[in-house]
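1. For reference, the sequence and a predicted model appear below.
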Amino acid sequence: MMGATGEAVSAFLQFLPPQLREPVLFAVPFFLLLLILEWTAARKLEHLESGDQPPAGAYVARDAWTSLAMGLVSVGTMAVWKFGALIGYAALYAYVAPWQLPSNQWYTWVIAIVGVDLLFYSYHRIAHRVRLVWATHQAHHSSEYYNFATAVRQKWNNSGEIVMWLPLPLLGVPPWMVFAGFSISLIYQFWVHTERIGTMWRPIEFVFNTPSHHRVHHGRDPEYLDKNYGGILIIWDRLFGTFQPELFRPHYGLTKPVNTYNIWRLQTHEYAAIARDVRGARRWRDRLGYAFGPPGWKPVENRHVAEKAAVRA
């Protein structure tokens, strides 16, 4: 049965032009292999570790299956977003871009991959600082475990990234190369979701996003919040002041855990929370603050009340 399915997928891919054959699809078997290896290693090593946190790299079956389910749905939702974007990007590339870069030249690939990575950093930073965009991204941070399963706990709303990539077709990068660049970024970021790799050779740690850097990004500790947004390269964080080295093992997950394995609620609970806050606000500036301020934003008077209550406690 599995052989027939594989043949069907291969036959389908043959009908697509080479540049539109989704690289992530070819990476899936390697994702699964690495996930199984890490899961097996975690089971063997769990009895050797103890403390106030789950063992490093631990897997909990329900949490891992939740991540996998969210990842499977995201494959379909991402395809829909990309199909819509392809039409828009093609129009910009054909009718608006002042020039069209040749896809057979190495420098076009450099522009595409580095451009996608810089724009990913920008989007990722916005996603952590603008609550309405955070609502699309927070599901990826909802697991309190850090392993390869967490890597596939992906969002279903890719609208922010689609908008952020617009400069590339406007600069003449072929649309299919924009998507290829993002696929390369997505594949690269899979392997950094592990606690089984410590720090690496210093030049690699300086230039590239590594498991150590990305563990910091997933930490909910005050020292680690809103740090290390890079996808492939960590140099953007070093340049723009958002870099934080790993000082201690992070506590993972959201600062306010959702405490559910329901994939629909994990994806949508922040939208519902925004709607409640906006409905309860009396002034338009407060409504805008709840939607477009950073996560946790409150009107000034509400913050004063909370601070006074904390002092009295």
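-> Perfect, I can see it now.

2. Tell me where the stretch 201-313 of the chain is predicted with low confidence.
-> Residue ranges of the stretch 201-313 of the chain with pLDDT under 70: 301-313.

3. Helices along that one, start to end?
-> With helices called from DSSP state H, counting those that start in this stretch, the stretch 201-313 of the chain shows them at 202-207, 211-218, 235-240, 263-280, 284-292, 300-312.

4. which one of those helices is the most hemmed in?
-> Most buried of the helices of the stretch 201-313 of the chain, by mean neighbour count (mean count of other CB atoms under 10 Å): helix 211-218, with a mean of 21. Any C-beta I mention is one placed from the backbone N, CA and C, and that applies to glycine too.

5. Using CSV, write down the CA coordinates of it.
-> What follows is helix 211-218 as a C-alpha-only set of coordinates in CSV (Å, rounded to 0.1, in the frame of the first residue of the first chain):
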residue,chain,number,x,y,z
PRO,A,211,20.1,24.4,18.1
SER,A,212,21.6,26.5,20.9
HIS,A,213,20.4,29.8,19.4
HIS,A,214,16.9,28.5,18.6
ARG,A,215,16.5,26.9,22.1
VAL,A,216,16.8,30.4,23.4
HIS,A,217,14.1,31.6,21.0
HIS,A,218,11.7,29.0,22.3
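
6. Next, the residues that contact it from outside, please.
-> Helix 211-218 has contacts (CB atoms under 8 Å, 6 or more residues apart in numbering) with 141, 146, 150, 189, 191-200, 205, 224, 227-230, 234, 237, 243-246, 249-250, 252-253.

7. Out of the helices of the stretch 201-313 of the chain, flag the one nearest residue 111.
-> Nearest of the helices of the stretch 201-313 of the chain to residue 111, taken as CB to CB: helix 235-240 at 15.8 Å.

8. Can you pull out the residues in contact with that closest one?
-> Counting by CB under 8 Å, 6+ apart, 117-118, 121, 125, 206-207, 213, 227-230, 242-244 sit against helix 235-240.

9. what do you get if the cut-off is 7 Å, keeping everything else the same?
-> For helix 235-240, contacts defined as CB atoms under 7 Å, 6 or more residues apart in numbering pick out 118, 121, 207, 228, 229, 230, 243.
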